[in-house]
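Colleague: next comes the sequence, and after it the predicted model I'd like to discuss.
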Amino acid sequence: QVQLVESGGGLVQPGGSLRLSCSALGNIFSMHAMGWYRQAPGNLRSLVASINHAGQTSYTDSVKGRFTIAKDAANNTVYLQMSSLKPEDTAVYYCYVDKVVILGRPGYDDYWGQGTQVTVSA
């Protein structure tokens, strides 16, 4: 089993910055990608940013140039540096890991964190 431990959410003023982190804990042999989704009230959960095993990154258009995703592969940790935050960035942010292979187990699974609230408001 894999547990995702998230931290870094909170309240920030427009134009401010926050950094989210997520560590994947467990007997992980490999994973394809890590990343972040977000869900605002009344909206569907949507992808914000991802980074794969090769370090390739992907961002939704609305955060390009403002958010940066990075990983510490040795510690199975992913970070999301969020700058120039806007009220429309307010949401619950969920960490996910994709195609995780557990030591000694066949196949792979995807895992989600419990979510961390980010509120951008004056």
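Modeller: That came through fine.
Colleague: could you check the pLDDT of the residue of the chain most remote from its centre?
Modeller: Residue farthest from the centre of the chain, counting by C-alpha atoms, centre = their mean, is G104 at 26.4 Å. Turning to G104, the model gives it a pLDDT of 91.
Colleague: looking at it, Y108 is touching A33, isn't it?
Modeller: No - Y108 is not in contact with A33 according to C-beta atoms under 8 Å; the separation is 11.6 Å. C-betas here are computed from N, CA, C, even on glycine.
Colleague: note down every partner strand of the longest strand along the chain and its orientation.
Modeller: Using DSSP state E to define each element, the chain has its longest strand at strand 91-102. Sheet pairing here is set by DSSP bridges, and for strand 91-102 it gives strand 28-30 (antiparallel), strand 33-39 (antiparallel), strand 109-112 (antiparallel), strand 116-120 (antiparallel).
Colleague: give me the buried positions along the last one.
Modeller: What that stands for is strand 116-120. Residues of strand 116-120 classed as buried: T116, V118, V120 (neighbour count, 16 or more other C-beta atoms under 10 Å).
Colleague: picking up where we left off before, check contacts around the residue farthest from the centre of the chain.
Modeller: Residues counted as contacts of G104 (C-beta atoms under 8 Å, 6 or more residues apart in numbering) are N27.
Colleague: pull out the buried residues from the helix or strand of the chain at the bottom of the mean pLDDT ranking.
Modeller: Counting by mean pLDDT, DSSP states H and E, the weakest-scoring helix or strand in the chain turns out to be strand 28-30, with a mean of 91. For strand 28-30, a neighbour-count test (16+ other C-beta under 10 Å) marks nothing as buried.
Colleague: neighbour count winner among Y108 and A33?
Modeller: Per other C-beta atoms under 10 Å, whichever of Y108 and A33 has more neighbours is A33, with 20 against 14.
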